[in-house]
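J.: got a predicted structure plus its sequence, pasted below:
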Amino acid sequence: MHRGGLRVAGILKRGGARKLQTQVRWASTSAPWPSPQMVELNYQLPPPPGMRTGRYIGDQEDKGDTVDENDPRMTKMYDGRQESPAPNLESCGFELASCPTECTDFRNDEMVTTVYYDEMRKLIKEQSGADRVFIFDHTVRSSEAKSLNALEAGATAAAVPRVHCDYTAVGAPVRLKQLGKEGINSLLRGRDLTEEEVKELAAGRFSFINVWRGINETPIYRMPLAMADTRTVPSSDFFTYELIFPDRVGQNYSLKFSEEHKWYYYPKMKKEECLVFKVYDKHEDGPRFVFHTAFDDPMTPPNAPPRESIEVRAIVFFDCPH
């Protein structure tokens with residue numbers, strides 16, 4: 001059952017005095033970044049016949065039937081702070097929001113699932129206009145971590161330097177059904193929703209929305225997160241990437257390269273800033289799948305501290321029956 005998220009991850013070791021000194025030095029940097037600048041992003045190519053794109057996760061045999069190779073491409077990257085009008089959730093699928101937090105320790109899972117989840121529910125509801133918001137998961141990442149997966153509580157995942165979207169048109173409804181079986185806790189009703197209640201909500205419009213922020217006092221320099229404007233990414237460029245767990249197969253989208261894709265990021269994001277973005281929307285008229293990736297910013301100072309961030313994942317429902 002998901003009472004604030006069972007698949008939580010995110011305990012990092014505390015830094016020492018040297019780290020704090022580095023944070024103070026880089027927090028004072030205020031020079032604007034160029035826009036656009038050329039950066040390298042890791043796209044992928046569709047798999048050859050008889051193979052599938054993806055990877056095996058967890059304790060199981062790798063059957064050798066997957067490929068997972070990057071297709072690095074030089075791409076124009078725009079500074080979202082310099083765009084007018086600013087990108088927003090309903091125009092291109094993502095937006096930058098100001099949301100100071102009362103969470104004082106993102107390495108404390110109990111504090112995150114109570115204090116921080118409540119803040120994120122309110123933020124997502126306000127930004128999206130949804131009637132109901134359920135946070136079901138979170139991950140803490142570090143640019144110094146090696147594993148892309150954090151399968152156990154207390155684990156830290158690496159930044160993901162691959163262009164992807166978390167769900168597919170087929171996979172998102174399947175994931176909602178899975179979460180309904182596991183138990184989605186309703187604060188409104190003070191209990192887990194029944195499978196029938198989840199089915200009723202799923203009959204209407206629903207979305208999966210992520211919120212991402214840095215968790216240190218220093219701004220983010222290393223491996224920032226970039227977003228593709230959904231209006232520039234046709235579905236003909238999508239193809240399926242499979243996450244093969246021992247007990248299920250999840251799907252997300254990879255992307256073929258095109259010079260038409262328009263990418264944005266927000267240089268030097270501060271702790272009180274959040275990126276809110278859609279990774280699935282059942283509603284077909286508007287942004288549905290926001291492709292995103294961590295990338296190596298060529299403007300990163302050589303001695304900048306590691307990027308440490310948290311992302312929360314939510315299911316949101318619109319026009320709910322009461």
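T.: Perfect, I can see it now.
J.: which residues sit in contact with the residue positioned nearest the centre of the chain?
T.: In the chain, the residue lying closest to the centroid (C-alpha atoms, centre = their mean) is Asn210, at 5.1 Å. Residues counted as contacts of Asn210 (C-beta atoms under 8 Å, 6 or more residues apart in numbering) are Asp166, Val276, Phe277, Val279, Glu311, Val312, Arg313, Ala314. Yep, even glycine has a C-beta here, placed from its N, CA and C like the rest.
J.: quick check: the third one is in a strand.
T.: Yes - according to DSSP: H, G, I helix; E, B strand; the rest coil, Phe277 belongs to a strand.
J.: can you tell me who Thr139 pairs with across the strands?
T.: Glu311 (DSSP bridges).
J.: was I right about it contacting Trp212?
T.: No - here Thr139 does not reach Trp212: they are 9.8 Å apart, not a contact under C-beta atoms under 8 Å.
J.: burial count for Gln251?
T.: When neighbours are defined as other C-beta atoms under 10 Å, Gln251 has 18 of them.
J.: what's the distance between it and Val163?
T.: Computed as C-beta to C-beta, to the nearest Å, the Gln251 to Val163 distance reads 16 Å.
J.: what does Pro298 give?
T.: 18 Å.
J.: neighbour-wise, which of these two wins?
T.: Each of Pro298 and Val163 has its neighbours counted (other C-beta under 10 Å); Val163 has more, 28 against 12.
J.: is it correct that the more buried one is in contact with Leu41?
T.: Yes - contact between Val163 and Leu41 holds when scored by C-beta under 8 Å: they sit 5.8 Å apart.
J.: and Pro72, what are its bridge partners?
T.: Asn42.
J.: quick check, it in contact with Glu40.
T.: Yes - with contact defined as C-beta under 8 Å, Pro72 reaches Glu40; the gap is 5.2 Å.
J.: between the two, which one's more packed in?
T.: The neighbour comparison of Pro72 against Glu40 (other C-beta under 10 Å) goes to Glu40, with 14 against 11.
J.: okay, that one: pLDDT?
T.: Per-residue pLDDT puts Glu40 at 98.
J.: OK, contacts around it?
T.: Pro72, Arg73, Met74, Thr75, Phe295, Asp296.
J.: count the neighbours of the third one for me.
T.: Taking other C-beta under 10 Å as the neighbour definition, Met74 ends up with a count of 11.
J.: that older thread, quick one: the residue nearest to the centre of the chain from Met77, how far?
T.: 20 Å.
J.: Glu83 now?
T.: 12 Å.
J.: what touches both of these two?
T.: Common neighbours of Glu83 and Met77 (C-beta under 8 Å, 6+ apart) are Tyr264.
J.: quick one: the strands in the stretch 1-150 of the chain?
T.: In the stretch 1-150 of the chain, the strands defined using DSSP state E, counting those that start in this stretch lie at 7-8, 37-44, 52-56, 66-67, 70-79, 94-98, 132-142.
J.: by contact count, what packs against the third one?
T.: Secondary-structure packing of strand 52-56 (3 or more C-beta pairs under 8 Å, 6 or more residues apart in numbering; DSSP states H and E): strand 66-67, strand 238-244.
J.: just how off-centre is whichever helix or strand comes after the last one within its chain?
T.: Counting by DSSP states H and E, the next helix or strand C-terminal to strand 238-244 is strand 249-255. Relative to its parent chain, strand 249-255 has a centroid offset of 14 Å by C-alpha atoms, centre = their mean, to the nearest Å.
J.: next, count neighbours for Arg191.
T.: By other C-beta under 10 Å, neighbour count at Arg191 equals 12.
J.: I figured it was touching Glu197, is that so?
T.: No - applying C-beta under 8 Å, one finds Arg191 not in contact with Glu197, separated by 10.0 Å.
J.: identify the contacts common to Val163 and Leu41.
T.: With C-beta under 8 Å, 6+ apart as the test, Val163 and Leu41 both reach Thr293.
J.: for Arg132, which non-adjacent residue is closest in space?
T.: Phe317 (4.3 Å; C-beta to C-beta, 6 or more residues apart in numbering).
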